[in-house]
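Asker: Pasting the sequence and the predicted coordinates here, then a few questions.
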Amino acid sequence: MKNFNYFQPTEIIFGSGRIKELGEIAKRFGTKCLLVTTPVFPAVEDQYEMVKKLLTEAGLDVAHFDQVQPNPTTDNITAGAEMAVKHGAEVVVGLGGGSSMDSAKAIAVEATHEGTSWDYLFYRDTQPTEKTLPVISISTTSGTGSQVTQVAVVTNTEKRDKSAIYHPNVYPKVSIVDPQLMLTVPEHITASTGWDAFCHSFESMLNPGSSVYIDIMAEKAISLIAETLPGLLKNLGDLAAREKMAVADTFAGLCIANAGVTLPHGVGMAISGLYPHVMHGESLSIIYPAFSRFTYEHAVPQFATVGRIFNPDLQSVSDDIAAERSCEEIDKFIKSIGMWMSLKDANMPEEEIPVLAEQSMVLPDYKGNPRVATPEEMLELIKESYYR
């Protein structure tokens with residue numbers, strides 16, 4: 001058994017109804033709060049008002065930045081940081097899915113440092129310091145894992161590039177995971193984020209940074225997703241199913257915080273960077289059929305494990321056969337949750353296949369894959385993903 005380290009500084013407050021503890025938690029960090037969300041729409045209006053009431057009743061002065069968009073941009077972050085500075089915010093509360101929580105982290109950096117969030121990406125010489133404002137993350141979807149990670153994903157629309165801040169100083173101080181907040185999430189977003197949670201778990205098992213601890217959490221998360229997500233999509237108000245998916249998402253987030261992801265996430269980030277209308281979970285579903293067949297022979301135990309979770313009948317066959325069959329089982333699962341799609345379906349211009357292939361090798365995620373793609377192989381993977 002190989003050596004491993006594990007680090008997780010975020011205090012996790014998990015359970016239905018735990019949102020009521022927000023006020024007491026937030027006032028540990030000060031009296032001026034910036035709430036970060038998407039624009040108000042009917043399904044979340046009551047939720048936003050409840051959160052603001054919890055904060056104000058605890059004595060906090062709340063400013064509400066409600067301009068987060070899917071695949072949040074550097075312009076979004078700058079606008080939020082300017083509001084934080086003007087308000088004198090001492091704590092940032094990110095309420096929503098990954099876009100809102102990532103925005104809260106990036107705003108916490110930009111509001112306290114020179115330049116913009118783009119100046120503090122993972123590969124820069126300058127990184128976020130301890131001046132970063134404390135962040136409280138409140139997840140309202142089950143998939144991104146952002147509530148427990150040191151990652152803040154940002155899109156630069158001018159450069160057509162999606163990248164990330166990655167530093168221990170952007171871990172949320174506290175994460176509230178209340179499945180009751182997830183009951184209004186619509187079907188496609190439930191499927192897309194749930195698929196993202198599967199990818200986080202599986203890719204953590206494949207990553208060189210994995211460990212016995214990561215594998216335990218990842219396998220549990222995958223099992224929960226396999227048994228829960230298809231049924232949840234037929235009954236979105238099933239609180240027990242929402243609770244299981246919230247556990248899976250949190251475990252998956254804990255996995256990627258310490259192990260990391262592999263090739264599909266680098267490609268997925270490139271897809272959303274070039275084509276911001278494509279949701280992250282959608283981009284992952286696009287690349288997975290080609291990725292699984294490209295990789296399985298180089299990670300037989302992990303693929304065999306996943307194949308057997310999806311299809312227990314594979315317990316009776318060898319690891320090699322189970323790993324090969326896992327590719328079909330993954331395809332079936334993607335179809336069962338309505339996520340089967342291609343780059344063509346995502347309205348990507350066919351002539352940009354070489355552009356996407358090149359961009360897919362900008363982030364280092366592909367280097368952590370059990371089989372590291374050459375530029376020529378990456379081009380073939382993208383071509384295979386264009387038509388489905």
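Answerer: Yep, that arrived. Numbers count the residues shown, from 1 in each chain.
Asker: Setting aside sequence neighbours, what's the nearest residue to T193?
Answerer: Using CB to CB, 6 or more residues apart in numbering and skipping residues adjacent in sequence, the residue nearest T193 is G143, 2.5 Å away. Glycine gets a C-beta too; all of them are placed from N, C-alpha and C.
Asker: Do I have it right that the one you found meets F251?
Answerer: No - the pair G143 / F251 is not scored as a contact, 12.0 Å apart, by CB atoms under 8 Å.
Asker: contact partners of stretch 80-93?
Answerer: Outside stretch 80-93, the residues within contact range by CB atoms under 8 Å, 6 or more residues apart in numbering are 22, 26, 29-36, 51, 55, 61, 63, 65, 67-68, 103-108, 110-111, 116-117, 133-136, 138.
Asker: Setting aside sequence neighbours, what's the nearest residue to the residue most central in space within the chain?
Answerer: Closest to where the C-alpha atoms of the chain average out (CA atoms, centre = their mean) is T144, at 2.5 Å. Leaving aside its chain neighbours, T144 sits nearest to G98 (2.9 Å; criterion: CB to CB, 6+ apart).
Asker: Next up, phi/psi of the one you found, please.
Answerer: phi -60, psi -40 (degrees, to the nearest 10).
Asker: For F198, which non-adjacent residue is closest in space?
Answerer: I225 is the one closest to F198 (CB to CB, 6+ apart), at 4.9 Å.
Asker: Would you list the buried entries among the contacts of stretch 80-93?
Answerer: Neighbour-count burial (16 or more other CB atoms under 10 Å) is assigned, among the contacts of stretch 80-93, to 22, 26, 29, 33-36, 51, 55, 63, 65, 67-68, 103-108, 110-111, 116-117, 133-136, 138.
Asker: OK, contacts around V212?
Answerer: Going by CB under 8 Å, 6+ apart, V212 touches 1, 4.
Asker: redo that, cut-off 7 Å
Answerer: Counting by CB atoms under 7 Å, 6 or more residues apart in numbering, V212 makes contact with M1.
Asker: if I look at it, how far off is F4?
Answerer: 7 Å (CB to CB, to the nearest Å).
Asker: same check, this time on P42
Answerer: For P42 relative to F4 (CB to CB), the value is 46 Å.
Asker: Compare neighbour counts for these two and give me the winner.
Answerer: Between P42 and F4, F4 has the larger neighbour count (other CB atoms under 10 Å), namely 13 against 7.
Asker: show me where the stretch 251-388 of the chain has helices.
Answerer: Taking DSSP state H, counting those that start in this stretch as the criterion, the stretch 251-388 of the chain contains helices spanning 263-274, 280-295, 300-310, 319-336, 353-359, 375-384.
Asker: Grab the CA positions of the third one and hand them over as CSV.
Answerer: What that stands for is helix 300-310. Provided in CSV are the C-alpha atoms of helix 300-310 (Å, rounded to 0.1, in the frame of the first residue of the first chain):
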residue,chain,number,x,y,z
VAL,A,300,-8.0,-2.5,-15.5
PRO,A,301,-8.7,-2.7,-11.7
GLN,A,302,-10.4,0.7,-11.6
PHE,A,303,-12.5,0.2,-14.8
ALA,A,304,-13.4,-3.3,-13.6
THR,A,305,-14.6,-1.9,-10.3
VAL,A,306,-16.9,0.6,-12.0
GLY,A,307,-18.2,-2.0,-14.4
ARG,A,308,-19.2,-4.2,-11.6
ILE,A,309,-20.9,-1.4,-9.7
PHE,A,310,-23.1,-0.7,-12.8
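Asker: got any ranges where the protein has weak pLDDT?
Answerer: Within the chain, no stretch has pLDDT under 70.
Asker: quick one, domains of it?
Answerer: Structural domains assigned to the chain are 11-182, 187-384, following automatic domain parsing.
Asker: need the contact list for the residue nearest to T193.
Answerer: Per CB under 7 Å, 6+ apart, neighbours of G143: 192-194, 196-197, 249, 281.
Asker: What are the contacting residues of stretch 244-256?
Answerer: 8, 12, 14, 142-143, 145-149, 177, 179, 182, 194, 197, 200-201, 204, 214, 217-218, 220-221, 224-225, 228-229, 232.
Asker: cool, and stretch 305-320?
Answerer: Here stretch 305-320 makes contact (CB under 7 Å, 6+ apart) with 202, 219, 222-223, 226, 300-301, 304, 322-323, 325-326, 329, 333.
Asker: What residues does K131 make contact with?
Answerer: K131 neighbours (CB under 7 Å, 6+ apart): 112-113.
Asker: measure I165 to M101 for me?
Answerer: Distance of I165 to M101, computed by CB to CB: 12 Å.
Asker: you'd agree A270 is up against S360?
Answerer: Yes - contact criterion CB atoms under 7 Å: A270 and S360 qualify, at 4.4 Å.
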